[in-house]
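Peer 1: Turn this into a structure:
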Amino acid sequence: MNVCAFDVLLPERGVAALLGDVQIALFRTHDGEVFAIGNQDPFSGANVMSRGIVGSRGDVPTVASPMFKQVFDLRTGACLDDPAVSLPVYPVTIRDGQVVVGAGDGAGD
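Peer 2: Numbers count the residues shown, from 1 in each chain. Have a look, this model is predicted:
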């Protein structure tokens, strides 16, 4: 599904979008890679992951929840602070300047 133009995503910032009836969070990293994860913070239940703080741990691109600051791997959705918790991730491609997001892998469900 086309979600938005690549150019509207600011580096190191997140945005929320609807993928059907599911809220996702999109992130564009400083190197131009785009990631899509579930927008619902599994620890608080709030749809706030798009407002998280983008960073890294080593070479792992991450986002920290704005609620309780747990850190998640943007590539896999895995919580780096609690391995038993994860967010769903969605495949992203850039096609003709558009961000295209596919169905999720079910992680975190």
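
Peer 1: Was I right to think Val61 contacts Arg75?
Peer 2: Residue 61: Pro, not Val. Yes: with contact defined as C-beta atoms under 8 Å, Pro61 counts as touching Arg75 (6.5 Å). To be clear about C-beta, it is placed using only N, CA and C from the backbone, and glycine gets the same treatment.

Peer 1: In this protein, which residue is most central in space?
Peer 2: Ile37 (3.3 Å; C-alpha atoms, centre = their mean).

Peer 1: What sits closest to it if chain neighbours are left out?
Peer 2: Leu87 (4.6 Å; C-beta to C-beta, 6 or more residues apart in numbering).

Peer 1: quick one: which of Pro61 and Arg75 has more around it?
Peer 2: Pro61 (19 against 13; other C-beta atoms under 10 Å).

Peer 1: What pairs with the strand or helix carrying the more buried one, parallel or antiparallel?
Peer 2: According to DSSP states H and E, Pro61 maps onto strand 60-64. Each strand paired with strand 60-64, and its direction, by DSSP bridges: strand 53-57 (antiparallel), strand 71-73 (antiparallel).
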